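Asker: predicted structure and sequence below. I'll ask about it afterward.
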2 protein chains.
Amino acid sequence: MSSLAERKARLIVHGEAPYNAEPPLARLRAYYRTAADDFYVRSHGDLPEIDADGYRLRLDGAIPTALELSLDDMRSRYAEATVTATMQCAGNRRADMRAVAPVSGDPWDGGAIGTADWTGVRLGDVLREAGIAESADLHVAFESHDLVEGRPYGASIPLAKALAPETLLAFAMNGAPLLPEHGFPLRVVVPGFAGVRSPKWLKRITVQDHPSDNPIQAEDYKLFPSDVTAETADPAQGHTINTMPLNAAICEPARGARLAAGANTIRGYAVSGDRTVVRVDVSGNGGRTWAQAALEHDARARFAWTFWTIDLDLPPGEHELAVRAWDEAGQTQPALPDDTWNYKGYLSAAWHRVRVTVE
Amino acid sequence: MSSLAERKARLIVHGEAPYNAEPPLARLRAYYRTAADDFYVRSHGDLPEIDADGYRLRLDGAIPTALELSLDDMRSRYAEATVTATMQCAGNRRADMRAVAPVSGDPWDGGAIGTADWTGVRLGDVLREAGIAESADLHVAFESHDLVEGRPYGASIPLAKALAPETLLAFAMNGAPLLPEHGFPLRVVVPGFAGVRSPKWLKRITVQDHPSDNPIQAEDYKLFPSDVTAETADPAQGHTINTMPLNAAICEPARGARLAAGANTIRGYAVSGDRTVVRVDVSGNGGRTWAQAALEHDARARFAWTFWTIDLDLPPGEHELAVRAWDEAGQTQPALPDDTWNYKGYLSAAWHRVRVTVE
């Protein structure tokens, strides 16, 4: 295994403590499954070092009996499951919103996203074996080993999503044990939901009748209208970000690239939280006209991104490339980051635009 | 029961043969459940007259034995079910797209939509009792008594949606037998899907390994990019319109209204095929600033619209009111009908805009 320092050198680092970094977009587009050392890292606190042998996961709350499970317990008691799923930060593409007006948080480009084969056990199998009552009003709360301002990281998901077959307690990523920065030895993977609901370094699961009261859940990661500011925001009025919206990005060419006149290959990704991407349009002129890209998707991977490719004939001059996706409901993306701007810079999902010079 | 002529007089009639009509938007907003005689009518052919006593529904195809069911058979063999659901034409709000460039089809305003309590039996109950194999590759095709260019109306839906608990064979609307123009004596109701997949005057159900080859399914109701024309369209390349996109409309005040300066109440609907509407923003200045509307939704009615209301303080002058909704995935609507224009005028779901004069 490479060292964390070596892996950091591969990424664009937004912050060291907490450590936040994303890959260059071209490298993100190189493989449908993102290599673990190319995968964005979003931390809210320290990077905990956990001894796998002594590791125990505690399960308590609204279940008949509390449990403590070692990694071996989990492997022996429950069937192993692998899900190909995209993980994405709610702040992905925040840089585009920051260009409109100041926003809080790191200026992620389009790289706070990645797709992997996640292997572990189904959270639903664990909860059902623990005798959970399947009530629509229950929430499954997670607590982690990392500390955020002195308090363990915490978040929760509705029980229905916790019981869904795609939701995992994962110990491996692309067939190898999790890297320390991706949650070793065990993390939650909630496909289709914002990454914040997939805690790393998992310590405890509590079944309860209300969402987590951890500030990560109760205060952060809420979507507000554009007239709300840090001063006026009432977290109780914000929309809890769970399922992620339709989004797309141009990964190649890069912003500011100089291209040769003629056919140029444009490549990128498109993703929709829990829907299928059915079409991707690409424009060579900022959105006045569009052409349809070829799609590459693993049909078995319902919660994974779609790669797209198109050859555009570009004459000499300055060009604004743009991309927009369509989901199976015929919904598409707004044109401008202004249209969805919010002071936290969440869910930046307007047409992705890349200016290039053709010589 | 009022006569069809009386009911037509309540509606804005776009065509007599086939008969197509929608209610004024203010009347649509009067009740959460739309009265049957205020409900839009979308016909593709003649209005069949069917004798309920002699009526038989045929069920055949990939099931062990073909069935013929009278209305009494259905009522006695299967549990009655009622679902509150919105029905919407794929051409709803086409008028806004026609303002950008010519489109085919009737110029529906925002009234090709309505919500009702639909009562009947679950299509899934009928199919399961008939011994259907639950294969993801099966389709459930419908054929109706109305003729479209000499051929019975036909459409199909994927088996998964046919088996979903919300999908009904309905004989009643808001507690009364279906009106002739709404499909008497029996119609399909596929909540969340475009109305075209909910055939009226149902004659036959066929389980098969491919979508219906009826032109309604195979050629019409496909979504194309904006560069495709009637001459260049290849139906096989179009996206089959099933689940409907996020949409919203201002029902009051009407276009061109003259209002008094000060607080004015703005009302409308918002709807998302199979997602929940979590926020509705209203603008008094064409979208430069937005305020959050109050929502009114029946939480048990997962496939029904959300009503919204807001008081806006409007100074004297000309104003462009605008509305946009947000779904639970944090997705919102495009700003301009240009953004999603297609030559058939389907899925017109940009911000709805209403110009008014304040005196």
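Answerer: Yep, it's here.
Asker: tell me what residue A:208 is bridged to.
Answerer: Counting by DSSP bridges, residue A:208 is bridged to residue A:139.
Asker: show me what contacts it?
Answerer: A:61-62, A:138-139, A:141, A:156 (Cβ atoms under 8 Å, 6 or more residues apart in numbering or on different chains). For glycine as for every other residue, the C-beta is placed from the backbone atoms N, C-alpha and C.
Asker: among those residues, which one lies nearest to residue A:113?
Answerer: residue A:156 (22.5 Å; Cβ to Cβ).
Asker: strand partners of the helix or strand containing that closest one, parallel vs antiparallel please.
Answerer: Element membership for residue A:156 (DSSP states H and E) is strand A:151-158. Sheet partners assigned to strand A:151-158 using DSSP bridges are listed as strand A:139-148 (antiparallel).
Asker: for the strand it pairs with, buried residues please.
Answerer: Residues A:139-146, A:148 are the ones in strand A:139-148 that count as buried (16 or more other Cβ atoms under 10 Å in any protein chain shown).
Asker: before we move on, the earlier item: tell me the average confidence for the strand holding residue A:156?
Answerer: Averaged across strand A:151-158, the pLDDT comes to 98.
Asker: residues of the stretch 151-300 of chain A that sit close to chain B?
Answerer: Applying Cβ under 8 Å from any Cβ of the partner chain, one finds that the stretch 151-300 of chain A approaches chain B through A:223, A:225-227, A:239, A:241-246, A:272-274, A:278-279, A:281, A:287, A:289-292.
Asker: of those, buried ones?
Answerer: Burial by neighbour count, 16+ other Cβ under 10 Å: within these this picks out A:223, A:225-226, A:239, A:241-246, A:272-274, A:278-279, A:281, A:287, A:290-292.
Asker: in a markdown table: the contacts of residue A:208, plus distance to residue B:29.
Answerer: Formatted as a markdown table, those follow (distance: Cβ to Cβ, whole Å):
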| residue | distance to residue B:29 |
| --- | --- |
| A:61 | 44 |
| A:62 | 42 |
| A:138 | 36 |
| A:139 | 35 |
| A:141 | 40 |
| A:156 | 37 |
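Asker: on that earlier part again, I'd like the next helix or strand past the strand holding residue A:156.
Answerer: Next along the chain after strand A:151-158, with elements defined by DSSP H and E, is helix A:159-163.
Asker: identify the residues contacting that next one?
Answerer: For helix A:159-163, using Cβ under 8 Å, 6+ apart, the contacting residues are A:123-124, A:127-128, A:132, A:134-140, A:167, A:190, A:193, A:207, A:242.
Asker: among the buried ones among the residues of the stretch 151-300 of chain A next to chain B, which are in strands?
Answerer: Among these, DSSP state E puts A:223, A:239, A:278-279, A:281, A:291-292 in strands.
Asker: any quick PyMOL command for the buried ones out of the contacts of helix A:159-163?
Answerer: Selection of the buried residues among those in PyMOL, burial being defined by 16+ other Cβ under 10 Å:
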select buried, chain A and resi 123+124+127+132+138+139+140+167+190+193+207+242
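Asker: in helices, which of the contacts of helix A:159-163 appear?
Answerer: With helices taken from DSSP state H, the overlap with the contacts of helix A:159-163 comprises A:123-124, A:127-128.
Asker: out of those, who's near chain B?
Answerer: Residues of the ones in helices among the contacts of helix A:159-163 in contact with chain B (Cβ under 8 Å from any Cβ): none.
Asker: does stretch A:327-338 come close to chain B?
Answerer: Yes - legend: contact between stretch A:327-338 and chain B by Cβ under 8 Å from any Cβ is shown at A:328-336.
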